[in-house]
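*Asks:* Prediction below, plus the sequence it came from.
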Amino acid sequence: MGAIHVMVIAEAGVADHVSRAWAGGSGGAIVTANVDIVRAATRDPALAELVGRSELVVADGMPVVWAGRLAGAAIPERVTGASLVYSLSERAARDGRSVYLLGGDPGVPEAAAAALLERYPALRIAGAYSPPYGFDADPQARRDVTERVRAARPDLVLVGLGFPKQERIILDLRAQLPAAWFLGCGAGIPMAAGQFRRAPEFLQRSGGEWLHRLALEPRRLVRRYLLDDAPFAVRLLTGALRVRLLGR
């Protein structure tokens, strides 16, 4: 069994941390730990180790926030990959840094880049690319993708390939771009492109955003959300309550 450590940090704190690191010439990676990622990491020590290589692991998913609070950790808020796409791009624009978008269907990362540039005119777009399906299983294709990003020399790379593929590609890229920051943002790139909308604010705050996502992509998400994640979320919360009651 693996374990991951979710940090007590707010979204603004993530942006501040990255900004300070840029100023100091150091890079890093951010994992947005939702229920699906926590479930996978607790079952597979190799995935837990992969998550643990990142400098920041934040609580993306209200069950993760609630479990942390039940266990005694004062997690201030949910920090999603989709929201960090904006807050980190805003900070990059303010700091004169460049952004690369990797992931999404053909044309989607370019559309997301255009949307971010419209929102933050000072933002520098280093590049945008939709890698071919299955590229990660082909060593040459994988090298081609990482070389494309390396050649652009971005300061921030938004990687929307899904867990754990995005974290594995980030690990490859970090060796080539040690001063850059990397965000595994899942569906954050198509959301920024307007391919589909996030749930209303009240659903996000109440932990019901998964219902919105399920309604948008039922065929892809029904098994993950209903058969895998929901029972695990119950066990996660029960375990956190047990920790609280036993004082451990």
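*Replies:* Thanks, I have the structure now. Residues are numbered from 1 along each chain as shown.

*Asks:* Surely Asp105 and Ala187 touch.
*Replies:* No. Judged on Cβ atoms under 8 Å, Asp105 makes no contact with Ala187 at a distance of 11.4 Å. Quick note: C-beta positions are derived from backbone N, CA and C, even for glycine.

*Asks:* higher neighbour count, the two?
*Replies:* Ala187 (21 against 13; other Cβ atoms under 10 Å).

*Asks:* Can you name the residues that contact that one?
*Replies:* Neighbouring residues of Ala187 by Cβ atoms under 8 Å, 6 or more residues apart in numbering: Gly81, Ala82, Gly160, Phe196, Arg213.

*Asks:* how near is it to Met7?
*Replies:* From Ala187 across to Met7, the span is 22 Å (Cβ to Cβ, to the nearest Å).

*Asks:* One more: Phe135?
*Replies:* Distance from Phe135 to Met7, by Cβ to Cβ: 31 Å.

*Asks:* Below-threshold pLDDT in this structure: ranges please.
*Replies:* 1-2, 197-200, 202-218, 220-230, 232-233, 236-237, 240-241, 243-245, 247-248 (pLDDT under 70).

*Asks:* which residue ranges form the helices in it?
*Replies:* 11-24, 35-43, 45-52, 62-70, 81-95, 108-119, 139-152, 165-176, 188-193, 201-206, 209-216, 218-222, 230-246 (DSSP state H).

*Asks:* quick one: buried residues of the fifth one?
*Replies:* The neighbour-count check on helix 81-95 (16 or more other Cβ atoms under 10 Å) flags Gly81, Ala82, Ser83, Leu84, Val85, Tyr86, Leu88, Ser89, Glu90, Arg91, Ala92, Ala93 as buried.

*Asks:* Show the contacting residues for the residue lying closest to the fifth one once chain neighbours are set aside.
*Replies:* Among residues not flanking Val85 along the chain, Gly188 sits closest, at 4.2 Å (Cβ to Cβ, 6 or more residues apart in numbering). For Gly188, the contacting residues are Thr80, Gly81, Ala82, Leu84, Val85, Leu158, Gly160, by Cβ under 8 Å, 6+ apart.

*Asks:* go on, Ala122?
*Replies:* So Ala122 contacts Ala93, Arg94, Gly96 (Cβ under 8 Å, 6+ apart).

*Asks:* now it: how far from Gly96?
*Replies:* With Cβ to Cβ as the criterion, Ala122 and Gly96 are 8 Å apart.

*Asks:* what does Arg168 give?
*Replies:* Distance from Arg168 to Gly96, by Cβ to Cβ: 30 Å.

*Asks:* is it true that Val99 touches Ser89?
*Replies:* Yes. Using Cβ under 8 Å, Val99 is in contact with Ser89, at 5.8 Å.

*Asks:* Any chance you could list residues touching both of the two?
*Replies:* With Cβ under 8 Å, 6+ apart as the test, Val99 and Ser89 both reach Leu116, Leu123, Leu156, Leu158.

*Asks:* partners of the third one in the sheet?
*Replies:* The reference is to Leu156. Val99, Trp181 (DSSP bridges).
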